[in-house]
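# Here's my sequence, what's the structure:
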Amino acid sequence: MASEKARLKDKIVRKAKALDINLIGVAPVKRWQEQHLNDEEFWPQNIWPWAKNVIVLAMQIFPGMIETTPSVVYSELYNTTNRLLDDVSYRIANFLNEEGYRAHFFPRDCYGDISALVKRPEAAFSHVIAGYYAGLGTIGLNHTLITKKYGPRIRLVSIITDAELPASRMLKEDVCIRCQACIRACPMQAFTWKKGEPVANMDKHKCALYHQQLKQEFHYPCGRCAAACPVGLDKKRYGANAISAEGILHCRDFGAADAGEIKKQKGSVVRIAGRAAKKNFG
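You can find the predicted model right below:
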């Protein structure tokens, strides 16, 4: 029986890797009860009583593109990874169905419009928590999943199934180094943190408001906290700054509602985003 489980997991992993998935792990649903990081209404086994495992997939976000954020360049990358994750997770769930198991994916964002998050800034299912339980990384100060290879620069999707699969080991060592770069990078100053706390307190409503503004300006989402994080082998590959300050302004200057205006502003790239946030939200 154990070998059958291992063979099935191996098939899933090989299929996912062939479809360009960078990270994959399996979390038994019992970990939601054991760890109890969120309310029971968000546990997969309470939504789908037949669920036994959650397969979590991750695709990387390229540093040279996310560091242009907020920009159409990063927006297109964000949308591309979302489409790819939908496609791959559907294919793997379909494969499991054909093998005789119940399986389906849970969409990455699962909201109709950003205005819905302004009213209720929470997700129906946390892929970050699922990724933590599946051993892909640990949860950082800014509430994202921090991985060894890509830091928080990933997009996630989850597949719920009743297939019996060997569990992936959760990481024992914290990947987040508590440098607070994510906190300093936030244009809305949405994070507050006291030393010793596992994660920062996050004003999710303030974050959602900023994203709503970015959506109207055609360069949604933000991702500044993820771009600033120094953790990850990808940072070593690209270097501390994957794009020049002039390059950031260049990428932000095209395709957005305020195209042609950004380069007219003076000061650093970081201060430009900060002034925009202050102007829009006080």
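# show me where pLDDT drops low in this protein?
1-2, 110, 112, 256-282 (pLDDT under 70).
# Let's check: the centremost residue of the chain is which one?
residue 155 (4.2 Å; C-alpha atoms, centre = their mean).
# partners of the helix or strand where that one lies in the sheet?
Using DSSP states H and E, residue 155 maps to strand 154-161. Looking at strand 154-161 with DSSP bridges, its partner strands are strand 53-60 (antiparallel), strand 103-106 (antiparallel).
# before we move on, the earlier item: what's across from the residue nearest to the centre of the chain in the sheet?
Assigned bridge partners for residue 155, using DSSP bridges, are residue 59.
# and it, what does it touch?
58, 59, 61, 78, 81, 82, 85, 108 (C-beta atoms under 8 Å, 6 or more residues apart in numbering). Where you see a C-beta, it was placed from the backbone N, CA and C, and this is true even at glycine.
# circling back: could you identify which of the strands paired with strand 154-161 is most buried?
Among the strands paired with strand 154-161, strand 53-60 has the highest mean neighbour count (mean count of other C-beta atoms under 10 Å), at a mean of 26.
# For the next helix or strand after it, enumerate the helices and strands it packs against.
Next along the chain after strand 53-60, taking DSSP H and E as the criterion, comes helix 63-66. Packed against helix 63-66 by the contact rule (3 or more C-beta pairs under 8 Å, 6 or more residues apart in numbering; DSSP states H and E) you find helix 72-98, helix 224-228, helix 233-238.
# How far does the last one sit from its chain's centre?
When distances are taken as C-alpha atoms, centre = their mean, to the nearest Å, helix 233-238 is centred 18 Å away from the chain's centroid.
# Show me what that helix is packed up against.
Looks like helix 233-238 contacts helix 63-66 (3+ C-beta pairs under 8 Å, 6+ apart).
# still on that earlier bit, can you add distance to residue 208 and give the contacts of residue 155 back as JSON lines?
Shown next, in JSON lines, are the contacts of residue 155 (distance: C-beta to C-beta, whole Å):
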{"residue": "58", "distance to residue 208": "23"}
{"residue": "59", "distance to residue 208": "24"}
{"residue": "61", "distance to residue 208": "20"}
{"residue": "78", "distance to residue 208": "16"}
{"residue": "81", "distance to residue 208": "21"}
{"residue": "82", "distance to residue 208": "18"}
{"residue": "85", "distance to residue 208": "22"}
{"residue": "108", "distance to residue 208": "16"}
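# Looking at these, which is nearest residue 240?
residue 61 (16.8 Å; C-beta to C-beta).
# Quick check: phi and psi at that closest one.
Per-residue torsions, residue 61: phi -110, psi 120 (degrees, to the nearest 10).
# I'd say residue 71 and residue 250 touch.
No - in this structure, residue 71 is not within contact of residue 250 by C-beta atoms under 8 Å, at 9.3 Å.
# These two: who's more crowded?
Neighbour count, other C-beta atoms under 10 Å: between residue 71 and residue 250, residue 71 has more, with 25 against 16.
# Not counting residues beside it along the chain, what's closest to residue 132?
Leaving out its chain neighbours, the residue that sits closest to residue 132 by C-beta to C-beta, 6 or more residues apart in numbering is residue 139, at 5.5 Å.
# Would you mind confirming that the one you found is in contact with residue 145?
Yes - using C-beta under 8 Å, residue 139 makes contact with residue 145 at a distance of 6.4 Å.
# the inter-axis angle of the strand holding residue 155 versus helix 72-98?
When axes from the mean of the first three to the mean of the last three C-alpha atoms, to 10 degrees is applied, the directions of strand 154-161 and helix 72-98 differ by 20 degrees.
# Give me the buried positions along strand 154-161.
Of the residues in strand 154-161, 154, 155, 156, 157, 158, 159, 160, 161 count as buried by neighbour count, 16 or more other C-beta atoms under 10 Å.
# so which of these comes closest to residue 29?
The closest of the buried residues of strand 154-161, once distances to residue 29 are taken by C-beta to C-beta, is residue 160, at 8.4 Å.
# I'd like to know how many residues surround the closest residue to residue 178 other than its chain neighbours.
Closest residue in space to residue 178, ignoring its immediate chain neighbours: residue 141 at 6.4 Å, by C-beta to C-beta, 6+ apart. Using other C-beta under 10 Å, residue 141 has 24 other residues around it.
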